[in-house]
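**Q** Just need the structure, nothing else, for what follows:
(one chain, ligands or ions: 1)
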Amino acid sequence: MTQTPAFDKPKVELHVHLDGSIKPETILYYGRKRGVALPADTVEELKNIIGMDKPLTLPGFLAKFDYYMPAIAGCREAIKRIAYEFVEMKAKEGVVYVEVRYSPHLLANYKVEPMPWNQPKGDITPDEVVSLVNQGLQEGERDFGVKVRSILCCMRHEPSWSAEVVALCKKYQHQTVVGIDLAGDETIADSSLFPGHVQAYEEAVRNGIHRTVHAGEAGTAERVKEAVDNLKTERVGHGYHTVDDEALYKRLLENNMHFEVCPWSNYLTGSWNPDTEHPVVRFKRDQANYSLNTDDPLIFKSTLDTDYQLTKQKMGFTEEEFKRLNINAAKSSFLPEDEKRELLDLLYKAYGMPPAAPAAGQQP
Ligand SMILES: [Zn+2]
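**A** Numbering: from 1, shown residues only. Next up is the predicted model:
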């Protein structure tokens with residue numbers, strides 16, 4: 001698709017899943033090479049089976065991963081390559097800084113219980129997965145000129161993995177890893193309060209590891225409250241249902257909480273009904289702190305421009321708002337202060353703004 005980008009300037013992306021951003025060509029290549037059965041033989045067919053064009057239920061969405069993850073998980077070369085190609089993809093989208101997230105356990109085939117994707121037992125541990133992804137990301141940074149950091153995901157349904165997730169965040173801190181996330185099905189009862197997750201987040205706080213949590217996407221405002229109060233999150237993945245609880249929303253606005261918004265994803269997963277106003281319009285009106293992100297571009301057949309086009313064409317977003325939200329994304333990134341400053345300077349320059357200018361609408 002050749003289309004003028006909605007915002008043809010440097011961008012920052014904070015919420016994108018590595019395992020939802022793989023090239024179909026790469027899936028086919030490793031499926032064939034490793035003898036892993038795939039539901040299609042050509043890129044086009046595979047795109048149509050893995051990709052979504054219209055809203056699906058959560059189980060329908062999650063089934064997509066079952067199709068292709070067995071081709072990638074448990075293969076050193078594949079894990080490193082998807083990380084490298086991810087950076088190439090982001091360079092083409094005009095992204096200058098990205099934080100990419102994934103569950104190390106879901107790409108491993110050794111010392112992981114239960115074994116993901118019905119893989120046979122192999123010899124790649126979650127620890128080695130992180131090391132391989134780091135290598136791919138760092139080579140990508142060097143070759144494509146995009147600054148990349150990573151976030152390791154705990155999974156709501158597997159609290160027994162979380163202690164290792166935070167241990168890996170500590171081990172690889174500053175070797176691309178900057179934060180911890182909690183992903184998966186947030187409607188699992190009390191999953192924000194599972195001791196495995198709570199203890200991992202406490203350990204993250206103690207060790208200066210930054211925190212984000214998927215909350216208030218399909219789940220209620222209560223999930224957001226738990227993420228803030230129990231898990232001490234610094235950003236909220238999605239967070240739309242915050243607006244259902246005015247007191248909570250007001251508190252998060254006052255605290256300048258960052259919301260990682262993924263509008264096209266929300267349309268396709270059904271977490272947003274397009275006949276209603278998307279909460280990001282409210283965020284814009286209130287000059288809240290938020291970013292625009294792709295989430296899982298392989299499955300949503302999208303690029304970052306898809307999200308910018310959607311907000312520009314259907315929600316009246318302007319160039320000024322795009323600048324403001326990218327500056328807020330940079331400020332809310334998990335980079336250390338000096339690197340954050342550099343990133344901000346790059347954006348101010350590209351946007352024709354004075355170097356130390358505060359983001360428009362930012363609270364003093
Ligand atoms: Zn996500």
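**Q** Show me what residue 261 is bridged to.
**A** Following DSSP bridges, residue 261 is listed with bridge partners residue 292.
**Q** what do you get for residue 148?
**A** Those that pair with residue 148 in a beta bridge, by DSSP bridges, are residue 98.
**Q** quick one: contacts for it?
**A** 86-87, 90, 97-100, 137-138, 140-141, 176 (C-beta atoms under 8 Å, 6 or more residues apart in numbering). All C-beta atoms are positioned from the backbone trio N, CA, C, and that covers glycine.
**Q** Just the ones of the residues you listed in strands?
**A** The members of these that map onto strands under DSSP state E are 97-100.
**Q** Whatever helix or strand residue 180 lives in - contacts with which helices or strands?
**A** Using DSSP states H and E, the element containing residue 180 is strand 177-183. If contacts are counted by 3 or more C-beta pairs under 8 Å, 6 or more residues apart in numbering; DSSP states H and E, strand 177-183 sits against strand 95-102, strand 147-155, helix 162-171, helix 195-206, strand 210-215.
**Q** I'd like these as TSV, with distance to residue 355 and mean pLDDT appended.
**A** Shown next, in TSV, are the helices and strands packed on strand 177-183 (distance: least, C-beta to C-beta, whole Å; pLDDT from 0 to 100):
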stretch	distance to residue 355	mean pLDDT
strand 95-102	16	98
strand 147-155	18	98
helix 162-171	32	98
helix 195-206	32	98
strand 210-215	25	98
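**Q** Those into JSON lines, with extra columns for distance to residue 289?
**A** What follows is the helices and strands packed on strand 177-183, written out as JSON lines (distance: least, C-beta to C-beta, whole Å):
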{"stretch": "strand 95-102", "distance to residue 289": "15"}
{"stretch": "strand 147-155", "distance to residue 289": "18"}
{"stretch": "helix 162-171", "distance to residue 289": "23"}
{"stretch": "helix 195-206", "distance to residue 289": "21"}
{"stretch": "strand 210-215", "distance to residue 289": "13"}
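**Q** count of neighbours near residue 193?
**A** 12 (other C-beta atoms under 10 Å).
**Q** Which member of the ones in strands among the contacts of residue 148 is positioned nearest residue 146?
**A** residue 98 (6.4 Å; C-beta to C-beta).
**Q** which residues does the closest one contact?
**A** Per C-beta under 8 Å, 6+ apart, neighbours of residue 98: 12-14, 16, 87, 90, 146-149.
**Q** now it: how far from residue 291?
**A** Separation of residue 98 from residue 291 (C-beta to C-beta, to the nearest Å): 11 Å.
**Q** Quick check: neighbours shared by the two?
**A** In contact with both residue 98 and residue 291: 12-14, using C-beta under 8 Å, 6+ apart.
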